[in-house]
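*Asks:* this is a predicted model, with the sequence first.
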Amino acid sequence: MLIHDTALVFGRYARQTLRSRFQLLFGVLMPLMYLLFFGPLLTGLPLGARGDSWQVLVPGLLLQLGLFGASFAGFAIIIEKQMGVVERMRVTPVGRLPLLLGRVLRDAALFVFQAVLLVLAAVAMGLRAPLGGILIGFGFVAVLTVALASLSYALALRVPKPQEFGPAVNAVSMPSMLLSGLMLPMALAPAWLDALSHLMPFRYLVDAVRAAYVGDYTGPAMLYGVLVAAGFAALAVTVGTRVFREAGA
Amino acid sequence: MSSLIHTAGLAHTFRTRRGPVEAVRGIDLTVGAGEILGLLGPNGAGKTTTLRMLTTLLPPTGGTATVAGCDLVGDPAGVRSRIGYVAQSGGVDLSVSVREELVTQARLYRLSRTEAADRAAELARELDLTELLDRPCAALSGGQRRRLDIAMGLTHRPRVLFLDEPTTGLDPASRAGLWRLVRRLRDTHGTTVFLTTHYLDEADELSDRLVVVDRGAVVAEGAPAALKERYAGSPRASLQDTFLAITGRGPAPADQAPVAV
Ligand SMILES: Nc1ncnc2c1ncn2[C@@H]1O[C@H](COP(=O)(O)OP(=O)(O)OP(=O)(O)O)[C@@H](O)[C@H]1O
Ligand SMILES: [Mg+2]
């Protein structure tokens, strides 16, 4: 039942996404611009990390793609809620977990697809990284998207006024990006900033993907990354499912 | 077991920034199998809130209820698989086609792919939507969209059907069609129907029994003729006068001054 229901909900939203080419491609534009206009600045700079500048930058851009894309996933459900679609689905016997999972897995699929495009572009510009590491990177994008999209749907269903959703998401996602060293590794940061960034779950994910991109699959960075990603996703899915159970209005 | 809906002290208080809103203040109701119950009441009386509780969408803040033999709070999934609900403001996605909505709804109720396609076609025939199947829902008129909402609520032939102002926006022919459909569901499938409406002719025509709520509480209950007799003095009085007498919102006939223009 869980798989059947999740597949059904996933199918519905996947079809909607496939109908919108715009949505499929638009999300890659921002990271692509970073790649084109920011990446070349870094070549030759000592980034204090292992690997060349592409191996440092591309993992950050991948997670940035997931961070910004998935945290705004909730916008779509605000519109659905206003049309009554959320309540209509909540009256059906479909489980609350599939109602959430079907949606967030669609988001994960969308962002992994965009991540593939981004990595292909990066390879064309000079990225060299082991295939295993690249695949692990996609795995982290998927888990991050599942977690953030779940929280985003939960927030979107709970905000009293739809216009409060955007600012609320920005207020969380901007500092998350800056504090996790997505753009430049935190190895360059003063001690206080580095310490602060360890409070951000994303920090561990970026470090893990950067480690994967230099072929280091068994070090502490990977261990912490996997633990934090799994814990964060489990927590977020629990919160999201609870909101679908109670629904915020 | 012949009562399909039973509530005791069912209540919901919304907590808002401006303080609590007691939308439903302890409703006791019993609806028998195969009964058509009309829930009437002025705007804001608590009809939709009651329906949202009985359909598991809104947790009660007080009281208990069983619907189709399942406890509302203890077994919401059991309730959901046995009921259909047409919400006051509908629930179709405007960007999706009529056919896709009907099929998805049937699949959400666990019909197989082929059953779902057949059921979608059948519902489209019943609610006169066949010509519109391949349009996006956004390209339907208000009444056409309402017919689609109703079709979606009937998808799995529920034993209990909740209709919140189902005929708002329907033309006279569609309205008469819906009345026939509701009666047929009851007569041939024994469906229990719980509906709200502001059209008193509709309530009169369709309901076996009426429940009038006002400010979150039941203020009158009985067969249409019995209510008319009790509150308007004659079983042949209009339901309009009866309703106004019950809710105390209308002037008594003697007070009606000629309108100065
Ligand atoms: N989400 C909510 N938050 C706060 N108050 C609410 C909410 N929903 C409804 N109410 C209030 O609860 C009361 C009952 O509303 P409800 O929608 O049940 O009325 P109704 O009988 O269906 O009215 P109508 O005939 O206009 O549809 C109203 O005072 C309404 O303002
Ligand atoms: Mg209402």
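*Replies:* Yep, that arrived. Ligands and ions are numbered 1, 2, ... in the order given.

*Asks:* what ranges do the helices span in the chain?
*Replies:* Unless you meant another one, I'm taking chain A. A:2-19, A:21-26, A:29-37, A:39-42, A:53-71, A:74-83, A:85-91, A:96-125, A:131-158, A:165-179, A:191-197, A:201-213, A:220-246 (DSSP state H).

*Asks:* ah, no, chain B please
*Replies:* B:47-54, B:76-82, B:98-108, B:113-126, B:142-154, B:172-189, B:200-206, B:224-232, B:239-247.

*Asks:* buried ones in the last one, by neighbour count?
*Replies:* Within helix B:239-247, the residues scored as buried using 16 or more other Cβ atoms under 10 Å in any protein chain shown are B:239, B:241-247. Any C-beta I mention is one placed from the backbone N, CA and C, and that applies to glycine too.

*Asks:* same thing with the fourth one?
*Replies:* In terms of neighbour count (16+ other Cβ under 10 Å), helix B:113-126 has its buried residues at B:116-117, B:119-121, B:123-124, B:126.

*Asks:* can you tell me which residues contact the nearest residue to residue B:164 once chain neighbours are set aside?
*Replies:* Nearest non-adjacent residue to residue B:164, counting by Cβ to Cβ, 6 or more residues apart in numbering or on different chains: residue B:88, 4.0 Å away. The contact partners of residue B:88, taken as Cβ atoms under 8 Å, 6 or more residues apart in numbering or on different chains, are B:48, B:164-165, B:168, B:196.

*Asks:* for chain A, which residues are neighbours of chain B?
*Replies:* A:4-5, A:8, A:12, A:15-16, A:80, A:83-85, A:87-95, A:160, A:246-247 (Cβ under 8 Å from any Cβ of the partner chain).

*Asks:* in TSV, list the contacts of residue B:88 along with pLDDT.
*Replies:* Conversion of these to TSV gives the following (pLDDT from 0 to 100):
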residue	pLDDT
B:48	97
B:164	96
B:165	95
B:168	90
B:196	96
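
*Asks:* per-residue confidence at residue 235?
*Replies:* You didn't say which chain, so I picked chain A. pLDDT, residue A:235: 96.

*Asks:* wrong one, I was asking about chain B
*Replies:* 85.

*Asks:* so who does it touch?
*Replies:* B:225-226, B:228-229.

*Asks:* if we use 6 Å, what do you get?
*Replies:* Residues near residue B:235 by Cβ atoms under 6 Å, 6 or more residues apart in numbering or on different chains: B:225, B:228-229.

*Asks:* from the contacts of residue B:88, pick the one nearest ligand 2.
*Replies:* When the contacts of residue B:88 are compared for distance to ligand 2 (Cβ to the ion), residue B:48 wins out at 3.1 Å.

*Asks:* near the closest one, how many residues? Count them for me, please.
*Replies:* By other Cβ atoms under 10 Å in any protein chain shown, the residues close to residue B:48 number 19.

*Asks:* so how far is residue B:12 from it?
*Replies:* 11 Å (Cβ to Cβ, to the nearest Å).

*Asks:* how about the residues of chain B near ligand 2?
*Replies:* B:47-48, B:88 (Cβ under 5 Å from the ion).

*Asks:* cutoff 6 Å now
*Replies:* By Cβ under 6 Å from the ion, the residues of chain B that approach ligand 2 are B:47-48, B:88, B:164.

*Asks:* could the helices of chain A be laid out in CSV, adding distance to ligand 2 and mean neighbour count?
*Replies:* Shown next, in CSV, are those (distance: least, Cβ to the ion, whole Å; neighbours: other Cβ atoms under 10 Å in any protein chain shown):
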stretch, distance to ligand 2, mean neighbour count
helix A:2-19, 28, 16
helix A:21-26, 35, 12
helix A:29-37, 43, 16
helix A:39-42, 56, 14
helix A:53-71, 34, 25
helix A:74-83, 16, 19
helix A:85-91, 13, 22
helix A:96-125, 24, 21
helix A:131-158, 21, 23
helix A:165-179, 26, 16
helix A:191-197, 50, 13
helix A:201-213, 43, 26
helix A:220-246, 21, 18
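
*Asks:* residue B:68 is nearest to which of those helices?
*Replies:* helix A:85-91 (13.1 Å; Cβ to Cβ).

*Asks:* okay, the closest one in CSV with CA atoms only?
*Replies:* These are the backbone C-alpha positions of helix A:85-91, laid out as CSV (Å, rounded to 0.1, in the frame of the first residue of the first chain):
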residue,chain,number,x,y,z
VAL,A,85,-6.8,19.8,-3.7
VAL,A,86,-4.9,19.1,-0.4
GLU,A,87,-8.1,18.4,1.5
ARG,A,88,-9.6,16.4,-1.3
MET,A,89,-6.6,14.1,-1.2
ARG,A,90,-6.6,14.0,2.6
VAL,A,91,-10.2,12.6,2.5
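
*Asks:* which residues are in contact with it?
*Replies:* A:80, A:99, B:55, B:57, B:85, B:91, B:93.

*Asks:* for that helix, what is the distance to the chain centroid?
*Replies:* Relative to the chain's own centre, helix A:85-91 is displaced by 26 Å; criterion: Cα atoms, centre = their mean, to the nearest Å.

*Asks:* that helix and ligand 1 in contact?
*Replies:* No. Remark: helix A:85-91 sits outside contact range of ligand 1, by Cβ under 6 Å from any ligand atom, the gap being at least 11.6 Å.

*Asks:* list the contacts of residue B:14.
*Replies:* B:21, B:23.

*Asks:* tell me how far it lies from ligand 2.
*Replies:* Distance, residue B:14 to ligand 2, using Cβ to the ion, to the nearest Å: 14 Å.

*Asks:* pretty sure residue B:76 is touching residue B:57, no?
*Replies:* No. Counting by Cβ atoms under 6 Å, residue B:57 is not a contact partner of residue B:76; they are 9.5 Å apart.

*Asks:* what parts of the stretch 51-200 of chain B come near chain A?
*Replies:* Contact residues, the stretch 51-200 of chain B versus chain A (Cβ under 6 Å from any Cβ of the partner chain): B:55, B:57, B:77, B:80-81, B:85, B:87, B:89-91, B:93, B:104, B:107-109.
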